[in-house]
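A.B. asks: prediction below, plus the sequence it came from.
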Amino acid sequence: MAVNLTPNAIPAIVAGDVNSKPLVQVIDITQISNRNNNSQQQRYRLLISDAVSTHHAMLATQLNDRILTGQVKKGSVLQLLEYICTPLHNRKIIVVLNMETIIPDCEIIGNPKSFVESDLPTQRALPDKTVEESSRSNNNSVPAKKASNDVQNFRPTVQPAYQPPPVYKSHGAIVKNEAPARIVPIAALNPYQGRWAIKARVTAKGELRRYNNARGDGKVFSFDLLDSDGGEIRVTCFNAVVDRFYDAIEVGKVYLISKGSLKPAKKNFNHLKNEWEIFLESTSTVELCKDEDDSIPRQQFSFRPISDIENVDNDSILDIIGVVTSVNPSFPILRKNGMETQKRTLNIKDSSGKSVEVTLWGEFCNRDGQKLQEMVDSGSFPILAVKAGKVSDFSGKSIGTISATQLFINPDFPESHSLRDWFDRVGKDSASLSISKDSIPGGPKNEIRKTVSQIKDEGLGRSSKPDFITVRGTLSFIKTDAFCYTACPLMIGDRQCNKKVTSSGNTRWQCDRCNQEFEECDYRYLLQAQILDHTGITWVTAFQESGEEIVGYPAKELYLLKFEQQDDERFGEIIKSSLFKQFMFRLKIKEELYGDEQRVKITVVKADKVNYSSESRYLLDLISKICKR
């Protein structure tokens, strides 16, 4: 990456300029001997360069950790934020009070030579008071005593005679330049600029996320901008800045943004084609432009044909567009962090002759996924544009949603109209080759279809990891004596406790896990049921979500009907209405220890009513594969 250090930064600092924030490079680092052998009082001297001249600078002791942790090393490019320059024996020393590492590792820039101060007026050392006042003028960010003590290490044994400060004539108040910053294109932004402003449209807004690290708790959110020249950049806000701007930022609106700082973009989390990222600060301004600017597009796409995805690297971020040919029901899945989320898969194809599987995660399953499923089930094949989808190469290529992904259903732009015309003329009757291996239309990715008899015959669930299979079966029996349990409704962090609670009398409930009492408990399904197909019958357990899918009523409503209202007739009708219906049972099979005996436990993860349209496509595809053998 090309780097331009601030021209003439060294002469300017030595001449007395302490108001700019120059970019300099570290040429050398020297540890100054410590007579007290106190590691907290170690001092470091830097040789800094502006690509033409070099000069010695002393690092304030509170910045020692930058050296010890490797944030600052030989070759690092720094931005000096706060510093003072003090004269010592006909030469000057720069004391760095605050700085930021812009580039940790960089080749030496230019061929810098030691700066010669012979042309500068001879000056004697300033008294401690002057150093302290200089430090206080730098926003009090560094105690004056620290700066004074650090400088003291460089002073001669004999203190020179006091030189009174020059007398300045009063020329009136100094007026700060409050003229609005010049609007620049996003593509022209760089950290070496002074005041700038950009006018851009918000194309995406991330969710508010909370985090915890060694520095404590915090919160962060980001949003993406697009300007009239096609430049894109991400803006990130932390903590107090989040409170200022989170509610004010709306997708689709145009804003005038200024007084932010630019830092290198973290490409692991930022897919935009920009090497910089804006960080808003307490002094930053975000102003809504009330007049609509038609020169700024609503969104910018770089669509790739599905056939190209086969040669794209894993984890790449790209845009695709295609016709949705099948959509599968969503089902819950447990993430590695223990949190449950929703997953839904669908298939799209385009005129390249290829199709690919798209995996929707979380809210995408409910918001857009359900709408797409309803459209496909009704015989419509919508156009889907995916902005910022992530490529996965697990068992073939597929596209997955991430937090920055946006989905557009039947969008109104040329690529969509062209694709619709192709599909209506020839696409709907032409076959497409899937680049997602083991992808079966009408079934989830890598869905393993089994019969009931295969569970026992193949010894499923007896390995170290559970087996997940799908069985198309009929619900034949439900135990009704204990179909639910009383559960704790209290929240532990962002999850409900759900542990079984006991009555403590006086209509109150006790949770041993939370060690609390409360007036109302929750009621959650714990169904013991039998399912069967043409090969056999087996017992399964269905918990809350899958229990509601099977019965069709909340557990609390059924509990009150049976045990409080004692309406056995109505209760029986509801149970009977659930029996002898076909479901697509997503099963988890795992061997568990009960006392001294190992038993295979089958849990219903998801129970969807059979979609005969999707099931027919699955069977036809299966027949087609058998015929090709």
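C.D. replies: Right, received. Where do you want to start? These numbers were taken from a predicted model, which means no experiment stands behind them. Numbering: from 1, shown residues only.

A.B. asks: quick one, phi/psi of residue 267?
C.D. replies: Comment: the main-chain dihedrals of residue 267 come out as phi -70, psi -20, following degrees, to the nearest 10.

A.B. asks: repeat that for the one 10 residues further on.
C.D. replies: Note on residue 277: backbone dihedrals following degrees, to the nearest 10 are phi -140, psi 140.

A.B. asks: surely it and residue 232 touch.
C.D. replies: No. In this structure, residue 277 is not within contact of residue 232 by C-beta atoms under 8 Å, at 10.9 Å. (Glycine included, C-beta is placed from N, CA and C.)

A.B. asks: comparing those two, which residue is more hemmed in?
C.D. replies: For residue 277 versus residue 232, neighbours defined as other C-beta atoms under 10 Å are more numerous around residue 277 (21 against 18).

A.B. asks: helices of the stretch 451-600 of the chain, residue ranges please.
C.D. replies: Using DSSP state H, counting those that start in this stretch, the helices assigned to the stretch 451-600 of the chain run over residues 452-457, 544-551, 555-559, 568-578.

A.B. asks: over to the chain?
C.D. replies: With DSSP state H, the ranges of helices along the chain come out as 9-14, 64-68, 128-136, 144-152, 240-245, 363-364, 370-377, 414-425, 452-457, 544-551, 555-559, 568-578, 612-628.

A.B. asks: one step back: in CSV, list the helices of the stretch 451-600 of the chain along with distance to residue 240 and mean neighbour count.
C.D. replies: Below are those laid out as CSV (distance: least, C-beta to C-beta, whole Å; neighbours: other C-beta atoms under 10 Å):
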stretch, distance to residue 240, mean neighbour count
helix 452-457, 56, 16
helix 544-551, 39, 21
helix 555-559, 42, 18
helix 568-578, 53, 13
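
A.B. asks: out of the ones you listed, which is closest to residue 305?
C.D. replies: helix 544-551 (38.5 Å; C-beta to C-beta).

A.B. asks: for the closest one, packing partners?
C.D. replies: Helix 544-551 is packed against strand 467-478, strand 522-525, strand 527-533, helix 555-559, helix 568-578, strand 597-609, with contacts defined by 3 or more C-beta pairs under 8 Å, 6 or more residues apart in numbering; DSSP states H and E.

A.B. asks: now it, how far from the centre of its chain.
C.D. replies: Its chain's average C-alpha position is 32 Å from that of helix 544-551, according to C-alpha atoms, centre = their mean, to the nearest Å.

A.B. asks: for the stretch 151-300 of the chain, give me the ranges with low pLDDT.
C.D. replies: Within the stretch 151-300 of the chain, the stretches falling below the threshold (pLDDT under 70) are 151-181, 192-193.

A.B. asks: which ones are touching the residue positioned nearest the centre of the chain?
C.D. replies: Against the mean C-alpha coordinate of the chain, by C-alpha atoms, centre = their mean, the closest residue is residue 403 at 5.9 Å. When the contact criterion is C-beta atoms under 8 Å, 6 or more residues apart in numbering, the partners of residue 403 are 206-207.

A.B. asks: would you turn the helices and strands packed on helix 544-551 into a markdown table with distance to residue 196?
C.D. replies: Compiled in a markdown table, the helices and strands packed on helix 544-551 are given as follows (distance: least, C-beta to C-beta, whole Å):
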| stretch | distance to residue 196 |
| --- | --- |
| strand 467-478 | 53 |
| strand 522-525 | 54 |
| strand 527-533 | 62 |
| helix 555-559 | 59 |
| helix 568-578 | 65 |
| strand 597-609 | 52 |
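
A.B. asks: and residue 485, which of the ones you listed is closest to it?
C.D. replies: Comparing these against residue 485 with C-beta to C-beta, the closest turns out to be strand 522-525 (6.1 Å).

A.B. asks: lowest-confidence helix or strand of the protein?
C.D. replies: Ranking every helix and strand in the chain by mean pLDDT, DSSP states H and E puts helix 128-136 at the bottom, with a mean of 41.
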